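Novice: Could you work out the structure for the sequence below:
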Amino acid sequence: MNDIQNIYSSIPANIPQELFQDILITETFKVKRIVSKGQASPKDFWYDQDQNEWVILLKGSAGLLFEDNDTIIELTPGDYINIPAHLKHRVEWTDPDIETVWLEIMWVQHCENNGVRS
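Specialist: Below is the predicted model:
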């Protein structure tokens, strides 16, 4: 029997650091809940991930910035974005007044080419 869980449960009132919770891990992908409240990427820090990332914002709001682009992308509930591997990005801000809840799916894209995976 599967235990039913709720994406909004077990969120503490005080969130001094972003919370990362693995929800599902397989050989090909990972699903994670991220909870932020006023956190942002450190100054001059860029995520440069080996995996592709798809993220949906479920609650709150946040601003994402991509390297070589001066426009901050504002996300509100229901907004989602696909971030290809090695596309440098950062979280510029998250709502300091309410929790920002993200659902993230990370995966490595495999390409079949004459029987060779790359």
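Novice: and the closest residue to Arg33 other than its chain neighbours, what are its phi and psi?
Specialist: Of all residues not flanking Arg33 in the chain, Gln21 sits nearest, at 4.5 Å (Cβ to Cβ, 6 or more residues apart in numbering). For every residue, glycine as well, the C-beta is placed using N, CA and C. When read as degrees, to the nearest 10, the backbone of Gln21 gives phi -130, psi 120.
Novice: Could you report the pLDDT at Gln21?
Specialist: Gln21 is assigned 95 on the pLDDT scale.
Novice: which phi and psi does Tyr8 have?
Specialist: Note on Tyr8: its backbone torsions stand at phi -100, psi 0 [degrees, to the nearest 10].
Novice: ditto for Leu103
Specialist: When read as degrees, to the nearest 10, the backbone of Leu103 gives phi -120, psi 120.
Novice: Bridged to it, which residues?
Specialist: Arg33, Ile56 (DSSP bridges).
Novice: circling back: was I right about the residue nearest to Arg33 contacting Lys30?
Specialist: No - Gln21 lies out of contact with Lys30 (Cβ atoms under 8 Å); the separation is 11.2 Å.
Novice: next one: stretch 8-20 to chain centre, how far?
Specialist: Offset of stretch 8-20 from its chain centre (Cα atoms, centre = their mean, to the nearest Å): 15 Å.
Novice: and if you look at stretch 79-88?
Specialist: Between the centre of stretch 79-88 and the centre of its host chain there is 9 Å, according to Cα atoms, centre = their mean.
Novice: Repeat that for stretch 41-54.
Specialist: 10 Å.
Novice: hmm, who's touching it?
Specialist: Outside stretch 41-54, the residues that touch it by Cβ atoms under 8 Å, 6 or more residues apart in numbering are 30, 67, 80-86, 88-92, 104-109.
Novice: one step back: who has more neighbours out of Gln21 and Lys30?
Specialist: Taking neighbours as other Cβ atoms under 10 Å, Gln21 and Lys30 compare with Lys30 leading, 16 against 13.
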